[in-house]
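Colleague: Could you work out the structure for the sequence below:
(one chain, ligands or ions: 1)
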Amino acid sequence: MSNRTPVLFWFRRDLRLADHPGLVACQAARVPVIPVFILDPQTEALGAAAKWRLGLAIASFRERLQAIGSDLILRRGPAKETLLELLEETGACEVHWSRNYTPDAIERDQEVKTALKRAGRHALSHPGHTLIEPWAVSPAASDHFRVYSPYWRAFRTIEIAPVVPEIEALPAPALWPRSDNLAGWRLDAAMNRGAEVVARYACVGEQAALERFAAFLDEPWSAYRNGRDRLDLAATSLLSENLTYGEISPRTIWHGVCASGGDQEQGGETFLKELVWREFSYHLLYHTPHITQRNWRAEWNAFPWRGDNEQAARWRKGLTGEPVIDAAMRQMYVTGTMHNRARMLVASYLTKHLMTHWKIGMDWFAQCLIDWDPAANALGWQWVAGSGPDAAPFFRVFNPATQAEKFDPDAVYRRRYVAELAGDNPGEAALAYFDACPRHWSLDPEQKYPEAPLIELKRGRERALEAYQHYVVKN
Ligand code: FAD
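Modeller: Sure thing, here's the model as predicted:
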């Protein structure tokens, strides 16, 4: 390969220049690099909010590349055919990418690899989406962990590779291939619910992600330790939004925390453990890919979960009559994200009190979250439902009322998002919900809050436990 022969870099969930091992490898070869983003069928299938947010991420990253004398070529079509076409057009003979670990991505990438090989070209994949590869740790007797704590202990024995230097220039090809127009992709088309509301809360792009992280590091670790479960406080990093598009690398976060001495403090250690929950979710997705489709524990297969139903529709609308559940669902429409404890509460309410299948909730989150992550979402839903790994015993059904008292003691969170509970002067976020929820719901701020909750909490709990005893324990 002459050193003017370009290589293609196929970007997916790695839209950054800092700590990007794949780009550093290309740069080291001193050849022109053609950055490419492909709107392939898997990307087309993203949920409405994630797809809209991806559009913002691509626009921001393209500017970033242009600022260092490069560009981002946009193409639409199946990945394999599109890459082969681009290789023909540009004379490139290598394609690089950062690895993804969903079963669909693995299958697609394998097909691309085989096709490239057949065409006499090379495919090179790189790490970077996770701190360690999902297969890097395993227990003595099996290829994967089933429980988080031993995973964490094994994880802690591994040295996390240092971050690689930020890319400051990328050699451009003599000729740029044609690019689609991003606006023409209409990545916002399915977001027919107040994108402009969510945009106020989104924190888009690599620079913004790094600033968000820096601001988080400026806070004392005690604030995270004491406040991370509080619904009414902003004590967590909110970095899930940026991690999912690769606007910041998990290694930048890990080493940033350690460099600030955070790993020596209880709050910092707790935060690192949370980051490693993300690793654990990829570990499980890789080794047990059925986690996104079927009960992770087969003994749950007889459990009589309900399919979609009228009560689940009220849950989606934030109109269950259970204030903390409704506040949480509305937070998701307004901000595109939801507090971790709130995610646990709404998932527990849907799967246990309303006995509705976790997949219905998981798929709805995939439509509405701008921080949607295939691994963390699937693990979160199955973990809470009880059908997943390391399940809290099923009989520990979250009680939304007592949880609200504990984690939202002055009802600040509930009033922030539920206008009907906020008295005469509902705040901006509470009112924004009516612009941010799907248009066809035709909800308005004058509506009355449900007089009675969908189900009496004690009754819902008992019904779920009976079913659990009958269909899971005795099976
Ligand atoms: P912080 O507390 O600041 O944590 C730092 C990082 O650690 C997060 O950004 C995230 O990458 C990781 N992390 C934290 N908690 C978890 C966890 N329980 N599982 C996996 N990773 C974690 N997270 C997503 O990123 N995308 C999802 O689609 C998603 N769906 C979920 C669905 C359910 C039902 C549940 C219970 C949890 C889900 N989570 C998901 C995990 C968690 O709620 C979010 O990662 C967290 O709320 C993000 O906020 P933060 O960045 O401020 O977290």
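Colleague: residues contacting the residue of the chain found nearest the ligand?
Modeller: Residue of the chain nearest the ligand, by C-beta to the nearest ligand atom: Gly380 (2.4 Å). The C-beta positions use only the backbone N, C-alpha and C, and glycine is treated the same way. By C-beta atoms under 8 Å, 6 or more residues apart in numbering, Gly380 lies in contact with 281, 343-344, 347.
Colleague: ok, then the element right after the longest strand that the chain contains?
Modeller: Longest strand in the chain by number of residues (criterion: DSSP state E): strand 33-39. Downstream of strand 33-39, the first helix or strand assigned by DSSP states H and E is helix 41-44.
Colleague: Name the residues of that next one that are buried.
Modeller: Neighbour counts using 16 or more other C-beta atoms under 10 Å place 42-43 of helix 41-44 among the buried residues.
Colleague: now for that helix, which elements pack on it?
Modeller: The criterion is 3 or more C-beta pairs under 8 Å, 6 or more residues apart in numbering; DSSP states H and E, and the helices and strands that helix 41-44 contacts are helix 48-67, helix 103-118.
Colleague: change it to 10 Å
Modeller: Where contact means 3 or more C-beta pairs under 10 Å, 6 or more residues apart in numbering; DSSP states H and E, helix 41-44 is packed against helix 48-67, strand 73-76, helix 79-90, helix 103-118.
Colleague: At the contact with the ligand, which residues of this protein appear?
Modeller: 228, 236-240, 243-244, 274-275, 277-278, 281, 340, 343-344, 347, 365, 369, 371-373, 376-377, 380-381, 384 (C-beta under 6 Å from any ligand atom).
Colleague: Can you tell me which of the residues you listed end up in helices?
Modeller: Among those, DSSP state H puts 240, 243-244, 274-275, 277-278, 281, 340, 343-344, 347, 365, 376-377, 380-381, 384 in helices.
Colleague: Of these, select the buried ones using a PyMOL command.
Modeller: The buried residues among these can be selected in PyMOL (16+ other C-beta under 10 Å) with this line:
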select buried, resi 240+243+244+275+277+278+281+340+343+344+347+365+376+377+380+381+384
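Colleague: residues in contact with the most centrally placed residue in the chain?
Modeller: Closest to where the C-alpha atoms of the chain average out (C-alpha atoms, centre = their mean) is Asp373, at 2.5 Å. Going by C-beta atoms under 10 Å, 6 or more residues apart in numbering, Asp373 touches 13, 50, 240-241, 243-244, 278, 281-282, 285, 365-366, 379-380.
Colleague: Adding pLDDT, write the residues you listed out as JSON lines.
Modeller: Output for those, formatted as JSON lines (pLDDT from 0 to 100):
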{"residue": "Arg13", "pLDDT": "98"}
{"residue": "Ala50", "pLDDT": "98"}
{"residue": "Ser240", "pLDDT": "98"}
{"residue": "Glu241", "pLDDT": "98"}
{"residue": "Leu243", "pLDDT": "98"}
{"residue": "Thr244", "pLDDT": "98"}
{"residue": "Arg278", "pLDDT": "98"}
{"residue": "Ser281", "pLDDT": "98"}
{"residue": "Tyr282", "pLDDT": "98"}
{"residue": "Leu285", "pLDDT": "98"}
{"residue": "Phe365", "pLDDT": "98"}
{"residue": "Ala366", "pLDDT": "98"}
{"residue": "Leu379", "pLDDT": "97"}
{"residue": "Gly380", "pLDDT": "96"}
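Colleague: out of the residues you listed, what pair is the most spread apart?
Modeller: Distance extremes for the contacts of Asp373: the farthest pair is Glu241 and Leu285 at 19.5 Å, using C-beta to C-beta.
Colleague: Specify which residue of the two has the higher count of neighbours.
Modeller: Glu241 (27 against 23; other C-beta atoms under 10 Å).
Colleague: what's the closest non-adjacent residue to the more buried one?
Modeller: Counting by C-beta to C-beta, 6 or more residues apart in numbering, Asp371 is the residue found nearest to Glu241 once chain neighbours are left out, at 4.3 Å.
Colleague: Relative to Tyr286, how far out is the one you found?
Modeller: 20 Å (C-beta to C-beta, to the nearest Å).
Colleague: now swap in Arg415 and tell me
Modeller: For Arg415 relative to Tyr286 (C-beta to C-beta), the value is 42 Å.
Colleague: Enumerate every residue touching Trp221.
Modeller: Applying C-beta under 10 Å, 6+ apart to Trp221 gives the contacts 257, 260-271.
Colleague: who's in contact with the helix or strand that contains Arg463?
Modeller: Element membership for Arg463, per DSSP H and E: helix 457-468. Under the criterion C-beta under 10 Å, 6+ apart, residues 300, 302-305, 322, 348-349, 351-355, 386, 393-395, 397-402, 453-456, 473-474 lie in contact with helix 457-468.
Colleague: make it 6 Å
Modeller: 304, 352-353, 394-395, 397, 399 (C-beta atoms under 6 Å, 6 or more residues apart in numbering).
Colleague: Same question for stretch 237-246.
Modeller: So stretch 237-246 is contacted by 13-16, 57, 209, 216, 248, 370-371, 373 (C-beta under 6 Å, 6+ apart).
Colleague: rewinding a little: any chance of the contacts of helix 457-468 in TSV, with secondary structure too?
Modeller: Output for those, formatted as TSV (DSSP: H, G, I helix; E, B strand; the rest coil):
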residue	secondary structure
Pro304	coil
Lys352	helix
His353	helix
Phe394	coil
Phe395	coil
Val397	coil
Asn399	coil
